[in-house]
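Got a sequence here, can you model it:
(chains A, B, C and D)
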Number of protein chains: 2
Amino acid sequence: MEIQGLPGRLLAELGPAIASGEIPEGAVLRGEELEERFGVSRTVVREAVRILEGMRMVAPRRRVGITVQPKSDWDVFDPLVIRWRLAGADRPAQLRSLGSLRVAVEPAAAALAARHASDDERRELSALAVELTMTARAADLETFLRHDIAFHATVLKASGNEMFAHLGDTVGAVLTGRTEYHLMPHQPEPYAIRLHREVAEAICAGDAEHAEQAMRTIVVGALEELNQQLG
Amino acid sequence: MEIQGLPGRLLAELGPAIASGEIPEGAVLRGEELEERFGVSRTVVREAVRILEGMRMVAPRRRVGITVQPKSDWDVFDPLVIRWRLAGADRPAQLRSLGSLRVAVEPAAAALAARHASDDERRELSALAVELTMTARAADLETFLRHDIAFHATVLKASGNEMFAHLGDTVGAVLTGRTEYHLMPHQPEPYAIRLHREVAEAICAGDAEHAEQAMRTIVVGALEELNQQLG
DNA sequence: GGAAACCAAATCGTCATACTTTTGGGGCGT
DNA sequence: ACGCCCCAAAAGTATGACGATTTGGTTTCC
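From the prediction side, this is the model:
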């Protein structure tokens, strides 16, 4: 899954540094400088830079250097960019963006899932809803989180839309971050759990309207809670 | 904007070939083979492959070669991937995915725009709505398309959400493709025009509810039309 | 005869180096 | 002060050498 080798390691240094603004927009790097700074060869530097160029985070220009592009140019849907921004100073902004995206996408995905989910997927959703209820009662936050992530990923996947499905990991990253930084009640709210059960039941029953509405309540609630926490 | 140089040219060959399935999932390429086939050096091949690896379309493995990853792994939000898929055999599937995404995102963006748009953005939306009306009456399809793209991009941008804003180009690609392949009535429908005006007016008036509803009607209509055309 | 250990080839990964191409800026002349 | 020309700096490309790793066959030992 990760990019391998030395370019991958370079990327793991440069990416977060740029994403966090530590290397600001408009800054100019030189290939040779990076070679020295990280003790790698030109080949490695160039390949890492090429990947960043692919994400539109930098643009190499002859006679000038490797310039950091404005944030508005970045591929903000790239999973790596999202992860880097979540890890750094941009975390609040990134969480807000993702919150709105979830409000837009997840209800739609739930509606589609109610129509197109396979039998296996419906079964899995039911099972996950049960698990959620159990682990919430036991206040087992870690497994609760795991099942919550799986639940949302399964809905997105069951929508049958490949683009929605790909947001599964991203939503997972949001939920993980929310728990890690204690932006969540320590005890999952019974009301939220109940809504998850409703989503699962509605999807199983093929009730798109209800699935969409219940899911919307979940993600709107999450967004409001987020806005409250972030001021 | 495009990736430059020889790696860019290689990418412009390999990317579409993979996206269209001409080079199928699971296929194994060798670096040396690519060097010969395209008459470029290792350096160039490796950098192009790195970029494809960044998009999760290929994964180089020692002693094996460069294997084409399953479609489900690809970064389906990468603008290049989207463009390549729109240009090739995957066009119908890609259009469907994007259609659903638009239905999810654009109404939400319109609602946010009604709350957060700047005065300039509101003015621009009004102007574009007028332009749309004019060019539709004149049956000037080309400029109509340009203004339509600008309209949707402006709404997405005015939402204030960077991720929504980035979908502007993608939506533009969809609208362009729809016109190019004659999946659209030759004369823009007066009803659709009227809805665009409604969206602009609602956003200017700060009426989120109305803006969202009108935009939803637009994108749902587009999706239905698409499904009809694609069977 | 079978299984485990071993070896060899293939391929990517990295490094070093040389040459080419582009381009920004300084110097020169008007 | 203005414009032209030239040079140097940086990325772009090519190539040769070596290292690392994985695969798959082969040998060897029970």
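
what does chain A put close to DNA strand D?
Counting by CB under 7 Å from any atom of the strand, the positions of chain A adjacent to DNA strand D are A:29-32, A:42-43, A:46, A:49, A:60-66. In short, each C-beta sits where N, CA and C put it, glycine included.

make it 6 Å
Of all the residues in chain A, those in contact range of DNA strand D (CB under 6 Å from any atom of the strand) are A:Arg30, A:Gly31, A:Glu32, A:Pro60, A:Arg62, A:Arg63, A:Gly65, A:Ile66.

Take the residues you listed and write them to a markdown table, including distance to B:Val174.
Compiled in a markdown table, the residues of chain A next to DNA strand D are given as follows (distance: CB to CB, whole Å):
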| residue | distance to B:Val174 |
| --- | --- |
| A:Arg30 | 40 |
| A:Gly31 | 38 |
| A:Glu32 | 43 |
| A:Pro60 | 31 |
| A:Arg62 | 35 |
| A:Arg63 | 38 |
| A:Gly65 | 36 |
| A:Ile66 | 33 |
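
Tabulate those residues (a markdown table), appending pLDDT and distance to B:Ala153.
Below are the residues of chain A next to DNA strand D laid out as a markdown table (pLDDT from 0 to 100; distance: CB to CB, whole Å):
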| residue | pLDDT | distance to B:Ala153 |
| --- | --- | --- |
| A:Arg30 | 97 | 35 |
| A:Gly31 | 96 | 35 |
| A:Glu32 | 96 | 39 |
| A:Pro60 | 97 | 28 |
| A:Arg62 | 96 | 31 |
| A:Arg63 | 95 | 33 |
| A:Gly65 | 97 | 31 |
| A:Ile66 | 98 | 29 |
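
Just the ones in helices from these, please.
By the criterion of DSSP state H, membership of the residues of chain A next to DNA strand D in helices covers A:Gly31, A:Glu32.

name the element A:Met163 belongs to?
A:Met163 is part of helix A:162-180, with elements assigned from DSSP states H and E.

nearest spatial neighbour of the residue nearest the centre of chain A, skipping sequence neighbours?
Per CA atoms, centre = their mean, the C-alpha nearest to the average position across chain A is that of A:Thr170, at 2.0 Å. Here the nearest residue to A:Thr170 in space, its sequence neighbours aside, is A:Ile82; by CB to CB, 6 or more residues apart in numbering or on different chains that works out to 5.7 Å.

which ones among the residues of chain A next to DNA strand D come in contact with DNA strand C?
Restricting the residues of chain A next to DNA strand D to those near DNA strand C - CB under 6 Å from any atom of the strand - leaves A:Arg62, A:Arg63.

Select from the residues of chain A next to DNA strand D the one having the most neighbours.
For these, the largest neighbour count, defined by other CB atoms under 10 Å in any protein chain shown, is 21 neighbours, found at A:Ile66.

Next up, the contacts around it.
Under the criterion of CB atoms under 8 Å, 6 or more residues apart in numbering or on different chains, the contact list for A:Ile66 reads A:Val28, A:Leu29, A:Arg30, A:Gly31, A:Leu34, A:Val49, A:Val58, A:Ala59, A:Pro60.

Beta-bridge partners for it, please?
Going by DSSP bridges, A:Ile66 is paired in beta bridges with A:Leu29, A:Pro60.

Show me which residues of chain A sit near DNA strand C.
If contacts are counted using CB under 6 Å from any atom of the strand, the residues of chain A sitting beside DNA strand C are A:Gln4, A:Gly5, A:Leu6, A:Pro7, A:Val40, A:Ser41, A:Arg42, A:Thr43, A:Val44, A:Arg62, A:Arg63, A:Val64.

which pair in those spans the largest distance?
Farthest pair in those (CB to CB) is A:Gln4 and A:Arg63. Separation: 32.0 Å.

relative to its centroid, which residue of chain A is most remote?
Ranking residues of chain A by C-alpha distance from their mean position (CA atoms, centre = their mean) puts A:Arg63 at the top, at 37.3 Å.

hmm, back to that, out of the residues of chain A next to DNA strand C, who's nearest A:Ile18?
Top of the list for closeness to A:Ile18, among these and by CB to CB, is A:Pro7 at 15.3 Å.
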